[in-house]
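Peer 1: model the structure of this input:
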Amino acid sequence: MERWKKWSLSATTAAVAVLVVFYADPGPRPEYVAEPEVTVEADTVPNPPRAYGIPLSGFVLESFKMPQGSTFSEVLGEHGFNAAQVDSLVQASKAVYNVRNLRAGHPMALIFTDDGAREPHYLVYESDPVEHVIFDLRPPYGARLGRKPVHTEERDVHCVVQGALYNDMSGAGGDAQLALQLAEVFAWTVDFQRIQKGDQFTVTYMERSVEGRPFGQPIVIAARYESGGVVKDAYRFRKSDGEIAYFDAEGNSLRKAFLKAPLKFSRVSSGFSSRRLHPVQKRFKAHLGTDYAAPYGTPILAVGDGVVEQAGYGAGNGNYVKVRHNGTYSTQYLHMRKILVKQGQRVQQGQVIGEVGSTGLATGPHVCFRFWKNGVQVDHRREEFPSAEPVPTADRERFHGERDRYAVRLSQVRERQLAAF
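Peer 2: Just a heads-up that it's a prediction; the model follows:
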């Protein structure tokens, strides 16, 4: 029995050995190798082209300009639209856009199917570089307004005056239109007819563009004017009530309010009128001024800061003074008994420039006060003048923060520019 057990054990051992020889891998065991990562290539297929927010896949766009002397109906008529279809489109669109406002020379575009039918789907009219109206040419017709995105960027420029500021600003790399904007910003504090060679302007401004092309006027954010050691700053600031104005470094408004009248104590004896019976000539004629009656010798005050443009005598006006306040406003004071200023003299608001009299065509002592706005005489009592209020107390901290930031920037721009020479 023992012999049988030994034989059985020997047979089992031999069988295992055979299996090991024929089925076991005697070579070295391979190490684990991670599967290679699959790299998904980025989609290089561009997005389908669009125009005015409309996908152009399967469409063709033709650009043209509103023809001179043409009408909306004629433009569509050239593309197969009859009068009834045009009228339906006009009626369906009038709540969005009045086609009578189309102007010759403005860009237009027709979008139609890119096939043999060439069926018109949209007509686009650009009212300006940003806004446009899209007319849907398919029943039931309609229209919607669209806007192109406007890109804004802050830019800086430092300009040393050599001649005309317009040309100097452009030569320094800035927008030439900044010269006009600066004249508006500093209108009350800088006499732009007296800026001299060597004066300096440093400006941070906002430039807007649409599809890479400049759009609209530049907007002055901060500016510094230097002349003969005198420095004047201007900062654009939006107050809590939403009003935007320009202030100096102390937060005072750069715009000056006018006095209500050139006399402290007076009465209006004759108002502004396009037709008045002249008290001396006894005929109807325009009276483009306001008469303030007062005793002889009453002081006549300049209603605002400015420069005496004229001071002399005229047959009708008598002794008179004309003051230019800025590029927009001028005032004139007639029938003086005595003139107390000279031509070219700078005057301050409230300064006495003459005395009430009755020289020229006048029946009694008064001053005829005349007011010009952009070269046109207007009734100053009906004008709404810009506020001259300083930065409100509640906004002071925010203003100081913006002022300090831009003041540093203006200084750095000036230093970089001067170091480049």
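Peer 1: which stretches of the stretch 201-350 of the chain form helices?
Peer 2: Assigned by DSSP state H, counting those that start in this stretch, the helices in the stretch 201-350 of the chain number zero.
Peer 1: where do the strands of it begin and end?
Peer 2: 213-214, 219-227, 230-238, 244-247, 267-270, 273-277, 284-287, 290-293, 299-301, 306-314, 318-324, 329-339, 346-347 (DSSP state E, counting those that start in this stretch).
Peer 1: okay, now the sheet partners of the longest one, with direction.
Peer 2: Put plainly, it is strand 329-339. Sheet partners assigned to strand 329-339 using DSSP bridges are listed as strand 318-324 (antiparallel), strand 352-356 (antiparallel), strand 366-373 (antiparallel).
Peer 1: now the last one: buried residues?
Peer 2: Neighbour counts over strand 366-373 (16 or more other CB atoms under 10 Å) mark H366, V367, C368, F369, R370, F371, W372 as buried. For the C-beta atoms, the positions are set from N, CA and C on the backbone; glycine is no exception.
Peer 1: can you flag the weakest of the strands of the stretch 201-350 of the chain by average pLDDT?
Peer 2: With a mean of 51, strand 273-277 has the lowest mean pLDDT of the strands of the stretch 201-350 of the chain.
Peer 1: give the rounded mean pLDDT of the lengthiest helix in the chain.
Peer 2: If you go by DSSP state H, the chain has its longest helix at helix 396-419. Helix 396-419 comes out with an average pLDDT of 93.
Peer 1: for that helix, packing partners?
Peer 2: strand 151-160, strand 200-210, strand 219-227, strand 230-238 (3 or more CB pairs under 8 Å, 6 or more residues apart in numbering; DSSP states H and E).
Peer 1: could you export these as JSON lines, including mean neighbour count?
Peer 2: What follows is these, written out as JSON lines (neighbours: other CB atoms under 10 Å):
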{"stretch": "strand 151-160", "mean neighbour count": "16"}
{"stretch": "strand 200-210", "mean neighbour count": "20"}
{"stretch": "strand 219-227", "mean neighbour count": "20"}
{"stretch": "strand 230-238", "mean neighbour count": "18"}
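Peer 1: quick one: closest of the ones you listed to Y97.
Peer 2: Y97 sits nearest to strand 200-210 of all the helices and strands packed on helix 396-419, at 19.7 Å, using CB to CB.
Peer 1: quick one, that closest one and strand 151-160 angle?
Peer 2: Using axes from the mean of the first three to the mean of the last three CA atoms, to 10 degrees, one finds that strand 200-210 and strand 151-160 are set 160 degrees apart in direction.
Peer 1: what strands line up against strand 200-210, and which way round?
Peer 2: Next to strand 200-210 in the sheet, as set by DSSP bridges, lie strand 151-160 (antiparallel), strand 213-214 (antiparallel), strand 219-227 (antiparallel).
Peer 1: next one, pLDDT for L89 please.
Peer 2: 96.
Peer 1: okay if I get the helices and strands packed on helix 396-419 as TSV plus distance to S270?
Peer 2: TSV is the format used below for those (distance: least, CB to CB, whole Å):
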stretch	distance to S270
strand 151-160	48
strand 200-210	44
strand 219-227	41
strand 230-238	40
